[in-house]
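> okay, here's the prediction I keep looking at, along with the sequence it came from:
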Amino acid sequence: MVSEKSKVYQAVAYYRLSKDDGDKGESNSIINQRKLIHEFVSASGDITLAGEKQDDGYTGTNFDRPGFKELLRMLEEGKADCVIVKDLSRLGRDYIETGKYIERIFPAMGIRFIAVNDCIDSGKKNQADEIVIPFKNLINDSYCRELSNKLRRQFRVQRAKGEFIGSFAAFGYLKSPADRHRLVVDETAADVVRLIFARRIAGYSCQKIADYLNQFGFLSPSEYKKSIGLNYRSGFKERTQSAWGAATIRRILTNRIYVGDLEQGKRSTPNYKVKKMQEKERGEWVIVQGAHEAIVSHEVFETVARLAERDARTSPKQDKVYPLSGILFCGDCHASMIRRVVKRGRKEFCYYVCSANKKKQGCSSHSMAADVLHDKILKAVQLQVALVVETEEFLQRIGNSEILNRKVHRLENLIAQKTKELESQQHFRMKLYEHMTEGVITKEEFSAMRQSYTAKIAKTQEAVKALERELEDSLRESSLDCSWMQLFKKNRNVTDLDRELVVTLVNRIEVFDDKRVEVYFNFCDELAQIQGYLKTTGKEHDFSAEAV
């Protein structure tokens, strides 16, 4: 039998390096760790190096590392009976897991454990190690926790400043060469993004858009990033060929990054020990508007968002939806109107009918011929376009800076009125206790009235805050935002209805049983607001529009 003194241990050296090492990265480099352990083995008379395993770029907060798993496999197969590391933090920084390996797993397997710089050797164990090892593990664990908290705080500040901290920019953007935390438009990919939005507005489904892009050889986001030299990997890859898919199109159409808004902090880990990402509530996201150049306008993005909420199925024989699909409703029961075609000899007759009537749910048919309905809607569009153009021309004549000043003045007056109202409510609430002690009101009346005034005060305070926010936004503006008017102006000579025109200008159309048609336009609130501001200037103007 070989005595303990003459036994030669077959050791496996383990090296680990990660970004967690901060300014100690050089001293903890794999090269330096290997040099230190080789010198230690050469100086010892009872250890032979049987193998080396390493994890370069892996955190010490968990043991899910390929190199460490290979080390365990060597120990289980009996190829080694000793583990050597530079110090305890190289084995791991998790207090509980690291202690479990040192105090339970390795001893149970008969494995000698050595941490060179910490002067720990289970083959020469002394009582001091019983205190030193858990204490050092606790320090290493605390180091990771503090580093994690520091990084989270840093990321929170960067996100609030509108700095991009992701690994890869969204399709359509690149990280700026001058500042990797700023996004710049990649025109090649941006053209594809604009094409996707344009075809969606034109009535094509997400799957039809994906098919179109695949057919004409447009590279998918992941393939495009690889083609420009980025080492890109994504969990969203749908096929081995990484082709365009409906899900990819849908993600692009719903990502506000394309209007210049940066939404970050959508996912996070619970703490530094748990690496699995969890989705966060929208209220916890960090959203910075106008953080970078937009690829599509807000109007286009909001139009697409409205379409996503509508039931607009494509006919089996059509590549895209009909112009009124998802926008036409019954004015009485509010069910959708559906398109029907009947043949009369060699001719086809197209009409719309209430879907509730077709399903025998009690509503009348509201039937209307398609050409008659189209004429009514076209007339309404022409009138609304004329009204917007007329308003915009008058606005230019008097200067919209004057209108903006009127808006600011109106908001200041409203804030003053609400503030005075708030002070009055607070004064009455303070007087309630005095009235109760004087016997003017009972205790029950005091409680009820105090509760009522408290609710009124809270409501008034919210109103004041909302007005103050609106005032701050107005003071930052150099002029009124009338960009949406261009959508109407470019259709001033409209003579027919197509899908793009309808979804861009119209929000909802209702058909009534008496053949009356009501058209609800997009941006009607903005138009009414501007006309209200114009009236405050004292300059009379008659904005006439024929009712539909």
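Yes, it's here.

> how about the helices of the stretch 301-450 of the chain, start to end?
For the stretch 301-450 of the chain, the helices defined by DSSP state H, counting those that start in this stretch occupy 355-358, 370-398, 400-437, 443-476.

> between helix 443-476 and the longest one, find me the angle.
Comparing the axes of helix 400-437 and helix 443-476 via axes from the mean of the first three to the mean of the last three Cα atoms, to 10 degrees yields an angle of 160 degrees.

> next, the buried residues of helix 400-437.
Judged by neighbour count using 16 or more other Cβ atoms under 10 Å, the buried positions of helix 400-437 are 400, 403-404, 406-407, 410-411, 415, 418, 422, 425-426, 429, 432, 436. The C-beta positions use only the backbone N, C-alpha and C, and glycine is treated the same way.

> just to revisit the earlier point, out of the helices of the stretch 301-450 of the chain, nearest to residue 253?
For the helices of the stretch 301-450 of the chain, proximity to residue 253 was assessed by Cβ to Cβ; helix 370-398 is nearest, at 24.9 Å.

> nearest to residue 511, of the helices of the stretch 301-450 of the chain?
Here helix 370-398 is closest among the helices of the stretch 301-450 of the chain (Cβ to Cβ), at 7.0 Å.

> list the buried residues for that closest one?
370, 373-374, 376-377, 380-385, 387-388, 391-392, 395.

> quick check: mean pLDDT across it?
Average pLDDT, helix 370-398: 87.

> helices along the stretch 151-300 of the chain, start to end?
Using DSSP H, counting those that start in this stretch, helices in the stretch 151-300 of the chain cover 187-201, 206-215, 221-227, 246-253, 298-308.

> what would the ones you listed look like in CSV with mean pLDDT?
What follows is the helices of the stretch 151-300 of the chain, written out as CSV (pLDDT from 0 to 100):
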stretch, mean pLDDT
helix 187-201, 93
helix 206-215, 92
helix 221-227, 90
helix 246-253, 94
helix 298-308, 88
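
> in JSON lines, list those along with mean neighbour count and distance to residue 83.
What follows is these, written out as JSON lines (neighbours: other Cβ atoms under 10 Å; distance: least, Cβ to Cβ, whole Å):
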{"stretch": "helix 187-201", "mean neighbour count": "18", "distance to residue 83": "49"}
{"stretch": "helix 206-215", "mean neighbour count": "18", "distance to residue 83": "52"}
{"stretch": "helix 221-227", "mean neighbour count": "18", "distance to residue 83": "39"}
{"stretch": "helix 246-253", "mean neighbour count": "19", "distance to residue 83": "46"}
{"stretch": "helix 298-308", "mean neighbour count": "17", "distance to residue 83": "56"}
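
> nearest to residue 487, out of these?
Using Cβ to Cβ, the nearest of the helices of the stretch 151-300 of the chain to residue 487 is helix 298-308, at 5.9 Å.

> circling back: quick one: which of the helices of the stretch 301-450 of the chain is nearest residue 202?
helix 370-398 (17.3 Å).

> chain center to that closest one, what's the gap?
Offset of helix 370-398 from its chain centre (Cα atoms, centre = their mean, to the nearest Å): 36 Å.

> could you check the angle helix 400-437 makes with it?
Using the same axes, to 10 degrees: helix 370-398 against helix 400-437 is 90 degrees.

> helix 370-398 packs against which elements?
strand 347-354, helix 485-489, helix 499-505, strand 506-511, strand 517-521, helix 524-536 (3 or more Cβ pairs under 8 Å, 6 or more residues apart in numbering; DSSP states H and E).

> can I get the ones you listed in a markdown table with distance to residue 157, mean neighbour count and mean pLDDT?
Output for those, formatted as a markdown table (distance: least, Cβ to Cβ, whole Å; neighbours: other Cβ atoms under 10 Å; pLDDT from 0 to 100):
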| stretch | distance to residue 157 | mean neighbour count | mean pLDDT |
| --- | --- | --- | --- |
| strand 347-354 | 55 | 16 | 90 |
| helix 485-489 | 38 | 18 | 87 |
| helix 499-505 | 39 | 21 | 88 |
| strand 506-511 | 40 | 19 | 92 |
| strand 517-521 | 43 | 18 | 93 |
| helix 524-536 | 35 | 15 | 75 |
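
> got these as JSON lines, with distance to residue 181 columns?
What follows is the helices and strands packed on helix 370-398, written out as JSON lines (distance: least, Cβ to Cβ, whole Å):
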{"stretch": "strand 347-354", "distance to residue 181": "52"}
{"stretch": "helix 485-489", "distance to residue 181": "33"}
{"stretch": "helix 499-505", "distance to residue 181": "35"}
{"stretch": "strand 506-511", "distance to residue 181": "38"}
{"stretch": "strand 517-521", "distance to residue 181": "41"}
{"stretch": "helix 524-536", "distance to residue 181": "34"}
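
> pipe the helices of the stretch 151-300 of the chain into JSON lines and attach distance to residue 342 per row.
Shown next, in JSON lines, are the helices of the stretch 151-300 of the chain (distance: least, Cβ to Cβ, whole Å):
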{"stretch": "helix 187-201", "distance to residue 342": "30"}
{"stretch": "helix 206-215", "distance to residue 342": "27"}
{"stretch": "helix 221-227", "distance to residue 342": "45"}
{"stretch": "helix 246-253", "distance to residue 342": "33"}
{"stretch": "helix 298-308", "distance to residue 342": "28"}
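
> nearest to residue 165, of these?
helix 221-227 (17.8 Å).

> list the contacts of residue 265.
155, 156, 159, 280, 284, 285, 286 (Cβ atoms under 8 Å, 6 or more residues apart in numbering).

> drop anything exposed from those.
Neighbour counting with 16+ other Cβ under 10 Å marks 155, 159, 286 as buried within these.

> ends of stretch 266-285, how far apart?
In stretch 266-285, first residue to last residue: 5 Å (Cα to Cα, to the nearest Å).

> likewise for stretch 242-250?
16 Å.

> chain center to that stretch: distance?
For stretch 242-250, the distance to the chain centre is 18 Å (Cα atoms, centre = their mean).

> out of the helices of the stretch 301-450 of the chain, nearest to residue 40?
helix 443-476 (64.8 Å).

> packing partners of that closest one?
Against helix 443-476 (3+ Cβ pairs under 8 Å, 6+ apart) you get helix 400-437.

> show me what the helix it packs on is packed against.
Judged by 3+ Cβ pairs under 8 Å, 6+ apart, the packing partners of helix 400-437 are helix 443-476, helix 524-536.

> which of those helices comes out lowest on mean pLDDT?
helix 524-536 (a mean of 75).

> re earlier: quick one: the helices of the stretch 301-450 of the chain as a markdown table, columns for distance to residue 305 too.
Shown next, in a markdown table, are these (distance: least, Cβ to Cβ, whole Å):
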| stretch | distance to residue 305 |
| --- | --- |
| helix 355-358 | 24 |
| helix 370-398 | 21 |
| helix 400-437 | 27 |
| helix 443-476 | 21 |
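
> what's the closest of these to residue 330?
Nearest to residue 330, of these and by Cβ to Cβ, is helix 355-358 at 6.6 Å.

> show me which positions of the closest one end up buried.
355, 356, 357.

> now stretch 49-56
49, 52, 53, 54, 55.

> now tabulate those residues in CSV and tack on secondary structure.
Shown next, in CSV, are those (DSSP: H, G, I helix; E, B strand; the rest coil):
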residue, secondary structure
49, strand
52, strand
53, strand
54, strand
55, strand
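
> would you point out the most distant pair within those residues?
49 and 55 (18.0 Å).

> give the contact list for residue 352.
Residue 352 neighbours (Cβ under 8 Å, 6+ apart): 324, 328, 337, 338, 339, 340, 366, 367, 368, 370, 373, 511.

> so of those, which ones are in strands?
Residues of the contacts of residue 352 located in strands (DSSP state E): 328, 337, 338, 339, 340, 368, 511.

> ok, these vs residue 501, which is closest?
Closest to residue 501, out of all of the ones in strands among the contacts of residue 352 and judged by Cβ to Cβ, is residue 328, at 14.6 Å.
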